[in-house]
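Trainee: Next comes the sequence, and after it the predicted model I'd like to discuss.
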Amino acid sequence: MRSCGVAELRSAAEIRHPKVIHAKPDIVSGSEFCYKPAISFPMELTIMLRSVLAVTAGAAVAVVIFSLVQLTNGVLFAPPSPIDYNDKEALATLVASMPRSAFAILAAGYVFGSFLAGLLAGKLLKSRSPAAWTAVAVIDIIFIGMVLVQLLAGTSLFNFLPGIVKMLLPFLILGGALVGGMFLSRIAASAQPRQVGLAEPITIGILLTAGWASNVMSIPHPLWMAVVGFFFFIPAVLIGAWIASDRKTVVG
């Protein structure tokens, strides 16, 4: 660690690709020290990457919570006889027969999952822990890979893939996640922590709301639940982000 002058600090702050990441006064001597990252990246890249990783991680956590709540509802309010979930009429009959308590559990799960999504994204944006960013990057890549496989499954492109490639897809996704996660985490961890902004939580809320719209269109819901559901996600995500910001105003 070396001492650096005010002029050097000022010039480092003015350039777009800073060599000085952080400086703080030395309590004993009053001088200032320059901290250099192992690898320096453009500030725009690190900010954008942290935002993308935080949004993806928040959305992934919310989806996991939503899935667990739906599975819980499936156990607590199981149909008397097996149904074909591809049969929209049978599915509509099942949903119409569910008690209000089932929808209350579903709503609580959606609000809680959205809240955790905002809380996690806010905590990440304030973190410079390489371990945390590595874990998040790996999970994000696995989550995106699973979503892409699910979207491509059954398409002509997916059917065109050789059988051995389909068998190895989980291992390819995991390997890519480990390698890509380690690289991306080094970029993300090199940026300065910052206050939670509105962009990330609102983006998460919009993604979750879009998922709810798709869910309502594919699975019939009572009208009141379909309408109220659109007001679950963005407010809950913003509250989580607000708490992550130590109850300070979430800035734009």
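Mentor: Alright, I've got the coordinates. Numbering: from 1, shown residues only.
Trainee: Against which helices or strands is whichever strand or helix holds residue 91 packed?
Mentor: According to DSSP states H and E, residue 91 maps onto helix 88-97. Helices and strands touching helix 88-97, as assessed by 3 or more CB pairs under 8 Å, 6 or more residues apart in numbering; DSSP states H and E, are absent. The C-beta positions use only the backbone N, C-alpha and C, and glycine is treated the same way.
Trainee: Quick one: mean pLDDT for the following helix or strand past that helix?
Mentor: Downstream of helix 88-97, the first helix or strand assigned by DSSP H and E is helix 100-125. Mean pLDDT, helix 100-125: 92.
Trainee: got the angle between helix 100-125 and helix 88-97?
Mentor: Computed by axes from the mean of the first three to the mean of the last three CA atoms, to 10 degrees, the angle separating helix 100-125 from helix 88-97 equals 100 degrees.
Trainee: List the buried residues of the helix or strand just after helix 100-125.
Mentor: Per DSSP H and E, the first helix or strand lying C-terminal to helix 100-125 is helix 130-152. Along helix 130-152, these residues count as buried under the neighbour rule (16 or more other CB atoms under 10 Å): 132, 133, 134, 136, 137, 138, 139, 140, 141, 142, 143, 145.
Trainee: I'd like to check the angle between helix 130-152 and helix 100-125, please.
Mentor: Using the same axes, to 10 degrees: helix 130-152 against helix 100-125 is 130 degrees.
Trainee: what does the average pLDDT come to for helix 130-152?
Mentor: Averaging pLDDT along helix 130-152 yields 79.
Trainee: Alpha carbons of that helix, in PDB - could you do that?
Mentor: C-alpha atoms of helix 130-152 as PDB (Å, rounded to 0.1, in the frame of the first residue of the first chain):
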ATOM      1  CA  PRO A 130     -15.600 -11.500  -4.300                       C
ATOM      2  CA  ALA A 131     -17.100 -14.600  -2.700                       C
ATOM      3  CA  ALA A 132     -20.600 -13.200  -2.700                       C
ATOM      4  CA  TRP A 133     -20.300 -12.000  -6.300                       C
ATOM      5  CA  THR A 134     -18.800 -15.400  -7.400                       C
ATOM      6  CA  ALA A 135     -21.700 -17.300  -5.800                       C
ATOM      7  CA  VAL A 136     -24.200 -14.900  -7.400                       C
ATOM      8  CA  ALA A 137     -22.600 -15.000 -10.900                       C
ATOM      9  CA  VAL A 138     -22.600 -18.800 -10.800                       C
ATOM     10  CA  ILE A 139     -26.200 -19.000  -9.700                       C
ATOM     11  CA  ASP A 140     -27.200 -16.400 -12.300                       C
ATOM     12  CA  ILE A 141     -25.600 -18.300 -15.200                       C
ATOM     13  CA  ILE A 142     -27.200 -21.600 -14.100                       C
ATOM     14  CA  PHE A 143     -30.600 -19.800 -13.800                       C
ATOM     15  CA  ILE A 144     -30.300 -18.200 -17.200                       C
ATOM     16  CA  GLY A 145     -29.200 -21.500 -18.700                       C
ATOM     17  CA  MET A 146     -32.100 -23.400 -17.200                       C
ATOM     18  CA  VAL A 147     -34.600 -20.800 -18.500                       C
ATOM     19  CA  LEU A 148     -33.100 -21.000 -22.000                       C
ATOM     20  CA  VAL A 149     -33.200 -24.700 -22.000                       C
ATOM     21  CA  GLN A 150     -36.900 -24.600 -20.900                       C
ATOM     22  CA  LEU A 151     -37.700 -22.100 -23.600                       C
ATOM     23  CA  LEU A 152     -35.900 -24.100 -26.300                       C
END
